[in-house]
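Chemist: Pasting the sequence and the predicted model now:
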Amino acid sequence: MKQPLNIAFIGAGSMAEAMISGLISTNKFKPGQIHVTNYSNDARLHELRNQYKINITRNIPLIIQKSDVIVLAVKPKDVVESIENIKPYIHKSHLIISVLAGVSTSSILSLFQHKVPVVRAMPNTSASIGLSATAISKGEHANDEHIKLAETLFHTVGTVTVVPEAQLHAVTGLSGSGPAYVYYFVEAMQKAALHQGLESDVATDLITQTLIGAAQMLRTSPKSPTTLRKEVTSPGGTTEAGLEQLTDYEFQEALIQCIDKATLRSKELGEAIDEKMMSSRTSH
Ligand SMILES: NC(=O)C1=CN([C@@H]2O[C@H](COP(=O)(O)OP(=O)(O)OC[C@H]3O[C@@H](n4cnc5c(N)ncnc54)[C@H](O)[C@@H]3O)[C@@H](O)[C@H]2O)C=CC1
Ligand SMILES: O=C(O)[C@@H]1CCC=N1
């Protein structure tokens, strides 16, 4: 594929912005190489242009013609309409990257109705600071070069793992949605800190540094999470008293159920698209 690459984002929401922000902040992509369009919100496009100096447009033929990589970043429910709009202008030398939860590469290929290379990816919003955990899989007409290109792109915004496509539902429930679970956990820690009389900004600093420290320990220490937990937990001490409450409230079970449910939802989102495609075919 020619260099420098031009990238079009179809959809200008949270995930598109996280990727745009990450791509630009690493200086590996210039704002001029990035193009973005959305459904109807002009103010949102102007906001993105003001912040990142990227190209904004609602001219579909133009954005597709100018770009080598097309990132589908609409909600799963909008995939049929968004592909319908771009389809006439797509050719085989484009690489389509879908970040849509649940939607399979085979559904995307059926919507394009021709042999376009598709890579499906599941990043997370930490892409905005170059720390996404992204997993990718290739569709039927994507080759090793396409997967390499997608790897390079997502490497700019964090780590990349290639997985069999069937595993992307679990990845979505785990690391795609994962940042939200952590933020939810932090919201609870903040409430507890306030309840105990700590100042809000003091609490926020302590919580954030605790999370960064624990995450860094997980990354750098050869010890397992269980060993690291036990090292904090003095017999008869404060941690043990706290963890007893989490056990009583079945915290781990709740989290397992949470990830199972999110994984199931990813499958349902994909199935809903397949059903929509089937019913539109039978009604024509
Ligand atoms: N938000 C997240 O943390 C993550 C989201 N994703 C996936 O990324 C995709 C986008 O999610 P968000 O950014 O959170 O959604 P969002 O609702 O913030 O953004 C969706 C964007 O799509 C645009 N859009 C809708 N229909 C369109 C059409 N026909 N043509 C062009 N643009 C159209 C909307 O105007 C909006 O800009 C979803 O499929 C989601 O599953 C994947 C990983 C993480
Ligand atoms: O909640 C969602 O459906 C998307 C996919 C992963 C994170 N956000």
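Modeler: Yep, it's here. Ligands and ions are numbered 1, 2, ... in the order given.

Chemist: and the helix or strand harbouring residue 15, anywhere near ligand 1?
Modeler: Using DSSP states H and E, residue 15 maps to helix 14-25. Yes. Helix 14-25 lies within reach of ligand 1 by C-beta under 6 Å from any ligand atom, at 14-16. Backbone N, C-alpha and C define where each C-beta goes, glycine included.

Chemist: How about the residue in the chain positioned nearest to ligand 1, nearest residue that isn't a chain neighbour?
Modeler: At 1.8 Å from ligand 1, residue 13 is the closest residue in the chain, using C-beta to the nearest ligand atom. Spatial nearest neighbour of residue 13, excluding adjacent residues (C-beta to C-beta, 6 or more residues apart in numbering): residue 73 at 6.6 Å.

Chemist: check contacts around the one you found.
Modeler: Listed by C-beta atoms under 8 Å, 6 or more residues apart in numbering, the contact partners of residue 73 are 9-13, 15-16, 19, 99-100.

Chemist: so which of the residues you listed would you say is closest to residue 180?
Modeler: Within the contacts of residue 73, proximity to residue 180 (C-beta to C-beta) peaks at residue 15, which comes in at 12.5 Å.

Chemist: Identify the residues contacting the nearest residue to residue 14 once chain neighbours are set aside.
Modeler: Leaving out its chain neighbours, the residue that sits closest to residue 14 by C-beta to C-beta, 6+ apart is residue 125, at 6.1 Å. By C-beta under 8 Å, 6+ apart, residue 125 lies in contact with 14-15, 18, 132, 179.

Chemist: Let me have the residues you listed in a markdown table, extended by neighbour count and distance to ligand 2.
Modeler: Shown next, in a markdown table, are the contacts of residue 125 (neighbours: other C-beta atoms under 10 Å; distance: C-beta to the nearest ligand atom, whole Å):
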| residue | neighbour count | distance to ligand 2 |
| --- | --- | --- |
| 14 | 11 | 8 |
| 15 | 24 | 7 |
| 18 | 22 | 10 |
| 132 | 28 | 11 |
| 179 | 16 | 8 |
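
Chemist: what about the residue of the chain most remote from its centre, distance to residue 244?
Modeler: Going by C-alpha atoms, centre = their mean, the residue of the chain most distant from its centre is residue 236, 41.2 Å out. Per C-beta to C-beta, to the nearest Å, residue 236 is found 11 Å from residue 244.

Chemist: intersection of neighbour lists for those two?
Modeler: The contact lists of residue 236 and residue 244 share no entry, where a contact means C-beta under 8 Å, 6+ apart.

Chemist: Thought residue 24 was touching residue 34, still the case?
Modeler: Yes. Here residue 34 lies in contact with residue 24, judged by C-beta atoms under 8 Å, at a distance of 7.1 Å.

Chemist: ok, stretch 81-92 near ligand 1 or not?
Modeler: Yes. Contact of stretch 81-92 with ligand 1 (C-beta under 6 Å from any ligand atom) involves 81-82, 85.

Chemist: which among these end up buried?
Modeler: When the residues of stretch 81-92 next to ligand 1 are checked for burial by 16 or more other C-beta atoms under 10 Å, the buried set is residue 82.

Chemist: Cool, thanks, signing off.
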